[in-house]
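S.K.: Test case, fold it:
(one chain, ligands or ions: 3)
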Amino acid sequence: MPVLDIDEVNSALYNYIPKLQQCRNLVDLHSGLLLPQLTKAIRKAIKHVKKCPLCCQKRFVCEICQSPSVIYPFQLDETFQCKDCKALYHKRCRRSAGCPKCKRLEKRKHLFDDSSLVGTHT
Ligand SMILES: [Zn+2]
Ligand SMILES: [Zn+2]
Ligand SMILES: [Zn+2]
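M.R.: Residues are numbered from 1 along each chain as shown. Ligands and ions are numbered 1, 2, ... in the order given. Okay, the predicted model is just below:
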């Protein structure tokens, strides 16, 4: 059984977490044997991401609740990602009203449209 060296995959770690999670789900289905090891690896990977300046850039703040605690796309159980703008929110914050970032982008687009109309006058 190969030993997973988290520090060795350091830079790729961020993208690696979803794979580990997938792995864990598969293992879950078959046997519980690898589970503690994988869970440990995932926990270690997440710990790295939280303190690594590079990985930290990939964090999100939920715009709906404005909570100061950051969220990451690999927190599959707690988060939901907008398929259009890729913004990340808490699952519990998701509302039927839709994605605030998309709305903002849409609004800004209209502003740009207006100003370009004004611009054609000069
Ligand atoms: Zn990192
Ligand atoms: Zn939230
Ligand atoms: Zn969106």
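
S.K.: State the three-state secondary structure for residue 33.
M.R.: Using DSSP: H, G, I helix; E, B strand; the rest coil, the structure places residue 33 in coil.

S.K.: And it, how far from ligand 3?
M.R.: To ligand 3, residue 33 is 40 Å away according to Cβ to the ion, to the nearest Å. C-betas here are computed from N, CA, C, even on glycine.

S.K.: The residue most central in space within the chain: what secondary structure?
M.R.: With distances taken as Cα atoms, centre = their mean, the residue of the chain nearest its centroid is residue 73 (1.6 Å). Under the three-state scheme (three-state DSSP), residue 73 adopts coil.

S.K.: ok, and for the helix or strand where residue 19 lies, which residues are buried?
M.R.: Element membership for residue 19, per DSSP states H and E: helix 13-30. Neighbour counts over helix 13-30 (16 or more other Cβ atoms under 10 Å) mark 13-14, 16-17, 20-21, 23-24, 27 as buried.

S.K.: Could you point out which of those is nearest to residue 103?
M.R.: residue 14 (28.1 Å; Cβ to Cβ).

S.K.: sorry, back to before: now do the residue nearest to the centre of the chain against residue 45, distance only.
M.R.: According to Cβ to Cβ, to the nearest Å, residue 73 and residue 45 sit 13 Å apart.

S.K.: All set now, cheers.
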